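K.L.:
Sequence and predicted structure are below.
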Amino acid sequence: MILGLIIVKLLHSEDWLLASLWGGFWGIFPDYDLVLTRLGLIRHRGEASHSIGSSMVLTIVVAVLFRWFAVPYVGRLAVILAFLGTILHTAMDSLTKEGAKLMWPFSSDIYRGPFRYDSLILNGFLLALVAGAGFLLFAMI
């Protein structure tokens, strides 16, 4: 949600509610694979949902859909947030012990960090980092 607000500020727009909703949606979107994992169809945090490749494919799909339905501003905002939200989610998941195939299709390596997904230290640090960046951006623009 904070990501959406930052993008709105950068685009000099007043659509803060729409941006925060889009930012929140795309920020959690990669975890759609949890449903498919329960069904036994794919592995959680695999290349289909947690990689640069999946973020690029999703961004192209979103761009085509919004172009198809001719919604220029919302489309531009959705495309930016789709890419940033999904790639930042994946990057943060790569900091956990389970890791993620962050660089797929360029590499099949699983990038791992030292943290648990529910780490108060990691989540607190990331929240402070994003909130601080948002505060600085709003103060500067």
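P.N.:
Received, thanks.

K.L.:
Show me the helices in this structure, by range?
P.N.:
Here the chain has its helices, by DSSP state H, at 2-10, 16-28, 33-38, 52-68, 72-93, 120-140.

K.L.:
how many other residues sit next to residue 48?
P.N.:
Residue 48 is flanked by 18 other residues according to other C-beta atoms under 10 Å. Where you see a C-beta, it was placed from the backbone N, CA and C, and this is true even at glycine.

K.L.:
Show me what stretch 34-46 is in contact with.
P.N.:
Contacts with stretch 34-46, where a contact means C-beta atoms under 8 Å, 6 or more residues apart in numbering, come from 33, 48, 49, 93, 98, 99, 100, 101.

K.L.:
Same list (the helices of the chain) but as a markdown table, adding mean pLDDT and distance to residue 112.
P.N.:
Putting these into a markdown table (pLDDT from 0 to 100; distance: least, C-beta to C-beta, whole Å) gives the following:
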| stretch | mean pLDDT | distance to residue 112 |
| --- | --- | --- |
| helix 2-10 | 60 | 24 |
| helix 16-28 | 77 | 21 |
| helix 33-38 | 83 | 18 |
| helix 52-68 | 83 | 16 |
| helix 72-93 | 78 | 10 |
| helix 120-140 | 74 | 13 |
